[in-house]
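Asker: Following is a predicted model, sequence given first.
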Amino acid sequence: MVLIKKSFVLFSPSKLASARGVLNRLYSSNVDVPKFETLAVSVPSKNVFHVELNRPKQLNTFSKIMWKELGVCFSSLNDNPECRVIVLSGQGKHFSAGIDFNSLLEETSKAEEFDDVARKAKVLNALATYCQDSISSLELCLKPVLAVVHNACIGAGVDLITAADMRYCTQDAWFQVKEVDLGLAADVGTLQRLPKVVGNTSTVREWCFTARKVQSKEASDLGLVTQVYPDKDTALQQVLEIAKSIASKSPVAVQMTKKSLVYSQSRPSQEGLEHIKLINQTMLQSEDLKKAAMATATKTETEFDNL
């Protein structure tokens, strides 16, 4: 990864020509923007970063490099004080067609170098951990991640968006937990996160056991996505507005809210209450609380320092 000083997006002229109009007017700021081979990162407005899956010719399938770069990208944005919100989308025809099979076969074939089952298992365990850590980087990132899905979101794509904080899609979007069709159980996060996202274990198990396509309306009805938009341009424009709204809030409040939500989602309520109490005994002393209180009382706007 190379960190470079940019005043706008890291796109080639050809990519800029095909970019959505809403992203052509980019926020001008001297911020560190990470550059990747399989991801395109831009700053469309103040404190809002846009991460795009950037393998359109390969339908944004997950290669070994993409797995690695996703983890590095979201870890770096977590540590970037200029970044307060992240919008995640995909370039090209589809959001993501899932895993790159050639890459998968190349990696799993390394286990065949060993005759012993324990040593084969160690190689495959390391591969699963590598992929899991990549997806979990979205959840571990304290900055809210807003995923925008268009057209196909298959396999690893579903893993990815279930680790995001909020999900939106276009009318032509469809989702598929396809792993059973490939002779394996999903092992990168869908089986753990999707039931919590949807809240209907019967329906989720049907999706996972049958590998059927789930259209945008059903996804919306069951809570997988928050909103369905008519097309990708509209979706990005509207979600960027939501991101800008979040970015205008206190980063202390937003990031600690995400920290508490993630911590509490798999724990008893009392543990979550103890957790946020420990956080807020410090964070309630922040200047952000005073600024927000004053703005509310005077019905004025205020700006918060980066965190």
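Answerer: That came in fine, so what should we check first?

Asker: going forward, measure contacts and count neighbours with C-alpha atoms only.
Answerer: Will do.

Asker: Wait, residue 157 touches residue 97, no?
Answerer: Yes - the pair residue 157 and residue 97 qualifies as a contact (Cα atoms under 8 Å) at a distance of 6.9 Å.

Asker: okay, those two: which has more neighbours?
Answerer: Between residue 157 and residue 97, counted using other Cα atoms under 10 Å, the more crowded position is residue 157 (25 against 22).

Asker: Let me see the backbone angles for that one.
Answerer: phi -60, psi -40 (degrees, to the nearest 10).

Asker: how about the one helix or strand residue 296 maps to as PDB, C-alpha atoms only?
Answerer: Assigned by DSSP states H and E, residue 296 falls within helix 287-298. Written as PDB, here are the backbone C-alpha positions of helix 287-298 (Å, rounded to 0.1, in the frame of the first residue of the first chain):
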ATOM      1  CA  GLU A 287     -15.400  18.700  24.600                       C
ATOM      2  CA  ASP A 288     -17.700  17.200  22.000                       C
ATOM      3  CA  LEU A 289     -20.500  16.900  24.600                       C
ATOM      4  CA  LYS A 290     -20.200  20.600  25.400                       C
ATOM      5  CA  LYS A 291     -20.200  21.600  21.800                       C
ATOM      6  CA  ALA A 292     -23.200  19.500  20.900                       C
ATOM      7  CA  ALA A 293     -25.200  20.700  24.000                       C
ATOM      8  CA  MET A 294     -24.500  24.300  23.100                       C
ATOM      9  CA  ALA A 295     -25.500  23.800  19.500                       C
ATOM     10  CA  THR A 296     -28.700  22.100  20.500                       C
ATOM     11  CA  ALA A 297     -29.600  24.800  23.000                       C
ATOM     12  CA  THR A 298     -28.900  27.700  20.600                       C
END
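
Asker: Give the closest residue to residue 113 in space, chain neighbours not counted.
Answerer: residue 120 (8.0 Å; Cα to Cα, 6 or more residues apart in numbering).

Asker: hang on, that neighbour in a helix?
Answerer: Yes - counting by DSSP: H, G, I helix; E, B strand; the rest coil, residue 120 is part of a helix.

Asker: And it, how far from residue 111?
Answerer: Computed with Cα to Cα, to the nearest Å, the distance linking residue 120 and residue 111 is 5 Å.

Asker: Same question for residue 224.
Answerer: For residue 224, the distance to residue 111 - Cα to Cα - is 36 Å.

Asker: what do you get for residue 275?
Answerer: 41 Å.

Asker: what does residue 222 give?
Answerer: Taking Cα to Cα, one finds residue 222 at 39 Å from residue 111.

Asker: start to end distance for stretch 163-183?
Answerer: 24 Å.

Asker: no no, stretch 159-174
Answerer: Note: stretch 159-174 ends 14 Å apart using Cα to Cα.

Asker: got it, and stretch 91-98?
Answerer: End-to-end for stretch 91-98, by Cα to Cα: 14 Å.

Asker: now it: how far from the chain's centre is it?
Answerer: With Cα atoms, centre = their mean, to the nearest Å as the basis, stretch 91-98 stands 14 Å off its chain's centre.

Asker: Stretch 114-125 too?
Answerer: 31 Å.

Asker: contacts for it?
Answerer: 108, 110-113 (Cα atoms under 8 Å, 6 or more residues apart in numbering).

Asker: ok, those vs residue 143, which is closest?
Answerer: Closest approach to residue 143 among the contacts of stretch 114-125 (Cα to Cα): residue 108, at 33.1 Å.
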